[in-house]
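Peer 1: Dropping a prediction and its sequence here:
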Amino acid sequence: MNELLKIIAELGIELHPDRISAVASKLEEIESTDEIALVMPSFGPNFSTDVLERLRLTWSKHKEVSPKEVASALRGAAASAMISEKSGKVELVWSGPDTGLVPVRHTEQVLCELIEFAKRRLFLVSFVAYSVSSIMQALQHAVDRNVQIYILLESSENHGGRVSHDSVETMMKALPSISIYVWDSDNKKHDGHLYGAVHAKCAVADGELAFITSANLTTTAMESNMELGLLVRKGDIPSGLERHLDALITTKVITKVR
């Protein structure tokens with residue numbers, strides 16, 4: 001019985017809810033598992049024949065389960081899959097020594113995947129940014145795809161910031177067409193003293209894919225350091241992060257350098 005429920009759950013994930021509804025309606029028209037071949041075409045030509053055959057064989061071992069019960073279970077699986085997708089999928093991104101307990105993925109690889117994912121807009125935030133060739137190449141490809149790119153960086157000490165390296169100038173030279181922002185120095189001061197810094201490191205693509213990481217945009221962080229991050233696919237976090245960063249622009253907390 002558990003195997004039958006597992007296959008139904010797989011169907012709920014693989015098939016579009018509209019197709020699930022059509023299949024479930026067809027199942028409700030038959031009398032027993034012996035007639036499942038009559039509704040097989042309803043699954044569509046692109047559906048995995050392996051899963052379909054497993055459904056047929058496993059269901060035949062549980063003939064006490066009626067077609068209507070399977071149809072209801074399919075609808076429930078589809079609804080659960082939709083809720084799960086809406087809530088988002090979170091993946092752990094660990095760069096560093098491998099213990100065998102947590103998958104190791106280079107931060108550089110994940111960030112490049114996120115940049116390549118972007119179709120409309122991309123927002124990056126980092127404390128510092130040096131010339132990481134793979135990241136710059138991925139960003140240039142995004143520019144070539146007409147992706148709108150926004151980058152928030154910490155200003156150099158010469159421009160009211162807290163870092164000696166001028167990341168803003170580095171990025172401006174490397175990618176002259178992107179929009180670069182800094183945290184306005186007046187907003188970081190209290191009683192005339194500088195307190196705050198852009199210490200966040202994150203990226204969000206199209207409000208659908210977000211990467212929250214400890215890594216700066218540097219070669220050492222991308223390739224050598226022990227870094228930890230979370231890659232979030234869909235759900236409320238990517239869209240919420242994008243809206244938050246946009247609000248920092250509209251409220252003029254961060255200002256455009258170019």
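Peer 2: On my side now, so go ahead. Numbers count the residues shown, from 1 in each chain.
Peer 1: Could you report the separation of A205 from V90?
Peer 2: According to C-beta to C-beta, to the nearest Å, A205 and V90 sit 16 Å apart. The C-beta positions use only the backbone N, C-alpha and C, and glycine is treated the same way.
Peer 1: Compare those two (neighbour count), which wins?
Peer 2: A205 (24 against 13; other C-beta atoms under 10 Å).
Peer 1: Just want to check the distance between the more buried one and R233.
Peer 2: 10 Å.
Peer 1: which residues do these two both contact?
Peer 2: Shared contacts of A205 and R233 (C-beta atoms under 8 Å, 6 or more residues apart in numbering): none.
Peer 1: what's around A210, how many residues?
Peer 2: Neighbours of A210 (other C-beta under 10 Å): 25.
Peer 1: Who does it form a beta bridge with?
Peer 2: V204, V232 (DSSP bridges).
Peer 1: which residues of the stretch 101-250 of the chain score low on pLDDT?
Peer 2: 187-194 (pLDDT under 70).
Peer 1: mind redoing it with 80?
Peer 2: Along the stretch 101-250 of the chain, the model assigns pLDDT under 80 to residues 131, 160, 185-195.
Peer 1: Spell out, range by range, the strands that occur in it.
Peer 2: Assigned by DSSP state E, counting those that start in this stretch, the stretch 101-250 of the chain shows strands spanning 121-126, 148-153, 179-183, 189-190, 193-194, 202-205, 209-213, 227-233.
Peer 1: Out of those strands, the one nearest R162 is which?
Peer 2: strand 193-194 (7.1 Å; C-beta to C-beta).
Peer 1: if I look at the residue in the chain sticking out farthest from the centre, how far off is F211?
Peer 2: Most distant residue from the mean C-alpha position of the chain: E31, 43.2 Å away (C-alpha atoms, centre = their mean). Plainly put, E31 is 52 Å away from F211 if you go by C-beta to C-beta.
Peer 1: cool, V143 as well?
Peer 2: 19 Å.
Peer 1: now swap in T255 and tell me
Peer 2: Applying C-beta to C-beta to T255 and F211 gives a distance of 24 Å.
Peer 1: Between those two, point out the one with more neighbours.
Peer 2: A count of neighbours by other C-beta under 10 Å puts F211 above the other of T255 and F211, at 25 against 14.
Peer 1: Contact partners for that one?
Peer 2: So F211 contacts 93, 110-111, 114, 202-204, 229-232 (C-beta under 8 Å, 6+ apart).
Peer 1: Quick one, which of those residues are buried?
Peer 2: Buried members of the contacts of F211, scored by 16 or more other C-beta atoms under 10 Å, are 93, 110-111, 114, 202-204, 229, 231-232.
Peer 1: And the furthest pair within those residues?
Peer 2: Top of the distance list for the buried ones among the contacts of F211 (C-beta to C-beta): V93 and V204, 14.7 Å.
Peer 1: how about the helices in the stretch 101-250 of the chain?
Peer 2: Secondary structure of the stretch 101-250 of the chain (DSSP state H, counting those that start in this stretch): helices at 107-117, 133-144, 167-174, 185-188, 219-223, 236-250.
Peer 1: Relative to P17, which of those helices is closest?
Peer 2: Closest to P17 of the helices of the stretch 101-250 of the chain is helix 236-250 (C-beta to C-beta; 20.2 Å).
Peer 1: Could you tell me the angle between the closest one and strand 148-153?
Peer 2: On the basis of axes from the mean of the first three to the mean of the last three C-alpha atoms, to 10 degrees, helix 236-250 is oriented at 80 degrees to strand 148-153.
Peer 1: Cheers, nothing more for now.
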